[in-house]
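J.: compute the structure for the input listed below.
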Amino acid sequence: MAATQLGLYNEALRLIGERRLSSLVENREPRRVLDDIWNDGARDYCLEQGQWNFAMRAVQITKSATVPAFGFENAFDKPNDFIRTCSVCQDEDLKVPLLNMLEEVGFWFANIDPIYVRYISNSNNYGYDMQRWPQTFTKYVAAYLASEAVWTLTQSSEKLKLTIAVMQQRLKDARSKDAMGDPTAFPPEGNWNISRRSGMGRRDRGPRGQLIG
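T.: Okay, here's the model as predicted:
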């Protein structure tokens, strides 16, 4: 079942120990408090906490008209839906990292053009599409809302500690399960292994041509 804003609010209120809301227009303080948190960037904050596969977007970006003040030849505008960088690459297959680059607020800088970027997006087709949210991420967002609202609603330090602990555990669980969807990554092979493997297919010969070993 897809996440909804009302469902997130009610899960947050359950964690706090408050009564559920019947709708998003119910005239109660918990709804107004949660609205303030929601509209103050709650989703962006939660999206920024991981390299979520459901919010990942890959694009080719060509250089902008902005001229770097020094150093790199080209500047590249960050997209309007940008939350955080996952990787910047030289190739469209996203296999060759671009190491000679610089990231600043609003821009990437590099000496090549174009560049290929994977980033977390808050577009309505990516990170803001709650139909795409895994259950673990939904639970994490609700716990984040609870941790932000609990003091205003209860003034209880015990409940504040509890909701923060739940939020941290749910974030850990969401990251762990999301990582299971990543392709298997193999570490680069060391020079010793490469040399050893290449030598297994041949056998050395002595001075008279005889095989040794």
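J.: excluding sequence neighbours, find me the nearest residue to the most centrally placed residue in the chain.
T.: Centroid-nearest residue in the chain: Gln51, 2.0 Å away (criterion: Cα atoms, centre = their mean). Distance criterion Cβ to Cβ, 6 or more residues apart in numbering; nearest residue to Gln51, sequence neighbours excluded, is Cys86 at 5.0 Å. Glycine gets a C-beta too; all of them are placed from N, C-alpha and C.
J.: helices or strands next to the one helix or strand that neighbour maps to in the packing?
T.: The secondary structure element spanning Cys86 is strand 82-89 (assigned by DSSP states H and E). Contacts defined by 3 or more Cβ pairs under 8 Å, 6 or more residues apart in numbering; DSSP states H and E place strand 82-89 against helix 42-47, strand 101-104, strand 107-110, strand 115-121.
J.: ok, the residue nearest to Gln51 touching Trp52?
T.: No. Distance between Cys86 and Trp52: 9.5 Å, which falls outside the contact criterion (Cβ atoms under 8 Å).
J.: any residues in contact with both of these two?
T.: A shared contact of Cys86 and Trp52, defined by Cβ atoms under 8 Å, 6 or more residues apart in numbering, is any residue touching both; here these are Ile120.
J.: ok, these two, which is more surrounded?
T.: Relative neighbour count places Trp52 above the other of Cys86 and Trp52, with 26 against 17, counting by other Cβ atoms under 10 Å.
J.: residue contacts, the more buried one?
T.: 120, 127, 137, 178.
J.: who's in contact with the nearest residue in space to the first one that is not next to it in sequence?
T.: So the one you mean is Ile120. Sequence neighbours aside, Ile83 is the residue nearest to Ile120 in space, at 4.1 Å (criterion: Cβ to Cβ, 6+ apart). Neighbour list for Ile83: 44, 47-48, 55, 119-122, 127 [criterion: Cβ under 8 Å, 6+ apart].
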